[in-house]
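Student: Sequence first, then the predicted structure, then my questions.
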Amino acid sequence: MMHLLSAGRLGAILLLTALLSQVSSLDTVFGLYGQTLEIPCYKGAAKAEDILMTKWKYDKGDGLSGNLLVKKKQNVSVSAEDEYKNRVSLASNSSLLLSEARLSDQRTFTCMLVFGEDIEEHMVNVVIYKTPLGLEITEKAEELEIGKQTKLGKCVAQDANPAVNITWLKNNKPLQQDGQDINIQDTVQVDPETGLSTTTSVLMYSAQKEDTDAQFSCSTEHSLGQTFSSSSESFTITYSTENIMLRVIPPGPLLEGANVTLKCEADGNPAPTSFNFHLKGKETVIVENDNSFTITNVSRDTSGEYKCSLIDNPTMEAAKDITVNYLDISLSPMGSVEKNAGETLAVNLKVDASGEYKVSWTKDKVKLDKEPQFTKLTYSDAGLYEYEVTMGELIETDSFELIVQGPPVIKQLLKQRSENGRNKVLICEAEGSPKPAVTWSINGTSSYEGPFINGKITHKITVVPTANLTVSCTVSNDYGVDMRVINVSSLFEEVRMDKRDQSEDGDQTKLVVGVVVGLLVAALVIGLAYWVYMRKSKQGSWKTGEKECGSSEEEKKLEEKVEENSQKAEV
């Protein structure tokens with residue numbers, strides 16, 4: 001008996017040692033809250049058909065364990081009597097299936113396998129994750145005042161495991177707590193029944209002006225790698241007026257008679273709605289529920305300094321100078337001006353302007369180099385004179401029409417043959433105003449009257465005179481009459497005279513040529529004779545020693561010869 005007992009104890013010790021040596025290292029399985037969790041059973045080298053029994057149990061704490069289920073061959077029986085009674089089952093691969101995972105399931109589960117004479121155990125640690133229900137900003141501020149730390153809102157991440165960290169963002173950029181403008185207070189609460197954690201984060205924020213229209217949100221990243229974000233929120237940023245500006249509408253040059261609007265603009269939020277308008281320091285107008293004041297029918301007296309200010313803070317003001325431009329012009333003479341030729345006319349243009357200006361003149365739409373002045377009027381001075389005075393965008397124009405009157409005067413009375421040579425064209429050119437009437441003492445054809453420009457007119461007639469005529473041209477208007485005559489010869493007489501003139505011209509040409517040739521011959525003969533005479537005279541003197549002079553007879557003959565040749569040359 002004693003031998004058998006000792007052998008039994010020895011077998012138990014050997015069995016315990018074998019079990020301890022078969023325990024594998026602890027694995028961890030992660031599950032999601034509320035879902036079915038599969039906890040694998042480590043089989044090692046054992047084959048499914050060799051397994052005699054599979055058993056699952058769990059650690060209850062304090063060194064105690066609880067049974068879950070047992071599988072012998074193909075029969076599975078649930079042995080759990082507690083919270084796992086209706087939640088456990090066995091998969092075909094011997095894994096434990098745990099439904100509706102809870103945080104209380106975060107413990108160690110053991111799988112025990114029996115095959116042949118061997119027993120293996122595999123322990124698995126279970127961790128249950130729970131993502132938050134969602135992030136939401138609550139207790140939002142109605143408005144944020146610049147420079148004043150205010151509770152912007154509270155961000156809540158509810159029912160998570162493990163507890164999450166919350167990040168606040170402005171325009172999708174994380175906010176960092178600095179202890180001055182940004183303070184973040186985080187708290188975590190655990191539900192005693194579910195064990196789930198709710199994280200609450202409160203943002204205390206001191207707003208700046210640039211936070212107007214900024215988007216605030218909060219977010220968190222769960223241990224499973226998922227990111228959760230709240231919806232974005234914007235807040236009304238309030239601040240006192242720091243800048244005020246006065247605008248003048250329209251901004252361009254103001255002209256007398258126009259309307260001008262003063263508009264006061266302030267950058268406070270909410271913006272001021274009532275203002276004081278100070279008119280040249282003489283009058284103050286209070287405008288409520290509006291920021292504009294209109295001055296109608298402005299004049300040059302409206303020019304000056306204007307201001308606007310806040311009603312609740314009159315020291316906050318803005319100023320603007322207003323200048324009303326004016327351009328006063330007087331012209332002498334004006335309208336239609338009638339003057340006699342030879343008279344003088346003074347043109348006087350006076351300009352009273354609020355700034356620099358330019359003056360230009362035209363006569364009959366043609367630009368003049370300077371202002372017109374007339375010391376002695378001529379008919380060509382007549383016309384439409386216009387001035388233009390410009391000062392920036394302001395333009396003033398006016399005009400006068402000068403009419404120069406006087407009796408007509410014939411400047412030229414001409415005659416000429418027509419291009420075909422068969423007619424005579426008589427031309428009468430005259431000056432006068434009003435336009436003079438032109439009459440001839442004879443009738444003609446192809447009568448032509450040129451345009452009346454600058455007091456000048458030209459009148460032409462075509463005639464065929466058969467005899468010598470004296471023709472007169474008469475011009476007249478309301479101021480007088482002028483007449484001039486011209487002799488017009490017959491066309492037949494002119495033809496005869498032309499032929500005779502041509503014949504006489506030919507004879508005279510021949511005579512001139514003959515005279516020239518005779519003179520040249522006579523001069524040659526005289527020169528030759530004189531040379532012979534002088535040669536003979538010199539030879540005689542050399543031979544006889546007499547004075548170098550010829551006899552009186554020879555000299556007489558020589559003179560006669562020269563005279564004879566001279567007479568022939570004259571012929």
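Tutor: Noted; the coordinates are in hand. Residues are numbered from 1 along each chain as shown.
Student: the bottom helix or strand of this structure by mean pLDDT?
Tutor: Scoring the helices and strands of the chain by mean pLDDT, DSSP states H and E places helix 2-22 at the bottom, with a mean of 33.
Student: Could you export the helix or strand following that helix as PDB, CA atoms only?
Tutor: Moving toward the C-terminus from helix 2-22, the next helix or strand (DSSP states H and E) is strand 27-32. Taking Å, rounded to 0.1, in the frame of the first residue of the first chain, the C-alpha atoms of strand 27-32 are listed here in PDB:
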ATOM      1  CA  ASP A  27      -1.200  36.500 -25.600                       C
ATOM      2  CA  THR A  28      -3.500  39.500 -25.800                       C
ATOM      3  CA  VAL A  29      -6.700  39.800 -27.900                       C
ATOM      4  CA  PHE A  30      -8.500  43.100 -28.600                       C
ATOM      5  CA  GLY A  31     -12.200  43.300 -28.900                       C
ATOM      6  CA  LEU A  32     -14.800  45.900 -29.600                       C
END
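Student: how much space between residue 170 and residue 309?
Tutor: 35 Å (CB to CB, to the nearest Å). Glycine gets a C-beta too; all of them are placed from N, C-alpha and C.
Student: same deal with residue 299?
Tutor: Taking CB to CB, one finds residue 299 at 25 Å from residue 309.
Student: Mind checking which of the two has more residues around it?
Tutor: Neighbour count, other CB atoms under 10 Å: between residue 299 and residue 309, residue 309 has more, with 22 against 12.
Student: Now do the SS call for the more buried one.
Tutor: strand (DSSP: H, G, I helix; E, B strand; the rest coil).
Student: That one contacts residue 291, doesn't it?
Tutor: No: checked against CB atoms under 8 Å, the pair residue 309 and residue 291 is beyond contact range at 11.9 Å.
Student: Mind listing the shared neighbours of these two?
Tutor: residue 275 (CB atoms under 8 Å, 6 or more residues apart in numbering).
Student: For the residue lying closest to residue 310 once chain neighbours are set aside, grab phi and psi.
Tutor: Residue nearest to residue 310 in three dimensions, not counting chain neighbours: residue 316, with 4.7 Å by CB to CB, 6 or more residues apart in numbering. Main-chain torsions, residue 316, degrees, to the nearest 10: phi -90, psi 100.
Student: Check residue 316 and give its pLDDT.
Tutor: Residue 316 carries a pLDDT value of 92.
Student: Contacts only, for it.
Tutor: Counting by CB under 8 Å, 6+ apart, residue 316 has contacts 241, 244, 266, 309-310.
Student: tell me what the helix or strand where residue 487 lies is packed against?
Tutor: Secondary structure from DSSP H and E places residue 487 in strand 480-488. When contacts are defined as 3 or more CB pairs under 8 Å, 6 or more residues apart in numbering; DSSP states H and E, strand 480-488 sits against strand 394-417, strand 424-433, strand 469-477.
Student: who does the second one touch, helix- and strand-wise?
Tutor: Using 3+ CB pairs under 8 Å, 6+ apart as the contact criterion, the secondary-structure elements in contact with strand 424-433 are strand 394-417, strand 437-440, strand 456-463, strand 469-477, strand 480-488.
Student: For that strand, buried residues please.
Tutor: 424-433 (16 or more other CB atoms under 10 Å).
Student: Helices of this structure, start to end?
Tutor: 2-22, 491-544, 552-570 (DSSP state H).
Student: Confidence-wise, which of those helices is weakest overall?
Tutor: helix 2-22 (a mean of 33).
Student: still on that earlier bit, mind giving me TSV with the helices and strands packed on strand 424-433 and columns for mean pLDDT and distance to residue 152?
Tutor: Output for those, formatted as TSV (pLDDT from 0 to 100; distance: least, CB to CB, whole Å):
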stretch	mean pLDDT	distance to residue 152
strand 394-417	91	57
strand 437-440	92	102
strand 456-463	92	94
strand 469-477	92	99
strand 480-488	93	104
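Student: Could you save those strands as CSV and add columns showing mean neighbour count and distance to residue 41?
Tutor: Listed next are the helices and strands packed on strand 424-433 as CSV, based on neighbours: other CB atoms under 10 Å; distance: least, CB to CB, whole Å:
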stretch, mean neighbour count, distance to residue 41
strand 394-417, 16, 101
strand 437-440, 16, 140
strand 456-463, 19, 132
strand 469-477, 18, 139
strand 480-488, 14, 145
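Student: between those strands, which one is nearest to residue 153?
Tutor: Closest approach to residue 153 among those is made by strand 394-417 (59.6 Å; CB to CB).
Student: and the closest one, what other elements does it pack with?
Tutor: Using 3+ CB pairs under 8 Å, 6+ apart, strand 394-417 sits against strand 327-332, strand 335-340, strand 383-391, strand 424-433, strand 469-477, strand 480-488.
Student: Specify the angle between that strand and strand 456-463 in degrees.
Tutor: With axes from the mean of the first three to the mean of the last three CA atoms, to 10 degrees applied, the angle from strand 394-417 to strand 456-463 works out at 30 degrees.
Student: Can you list the strands that strand 394-417 pairs with?
Tutor: Strand 394-417 pairs in its sheet with strand 335-340 (parallel), strand 383-391 (antiparallel), strand 424-433 (antiparallel), by DSSP bridges.
Student: List the buried residues in the shortest one.
Tutor: Residues of strand 335-340 classed as buried by neighbour count (16+ other CB under 10 Å): 337, 339.
Student: Could you tell me how far it lies from the centre of the chain?
Tutor: 51 Å (CA atoms, centre = their mean, to the nearest Å).
Student: residues in contact with it?
Tutor: 345, 374, 377, 400-406.
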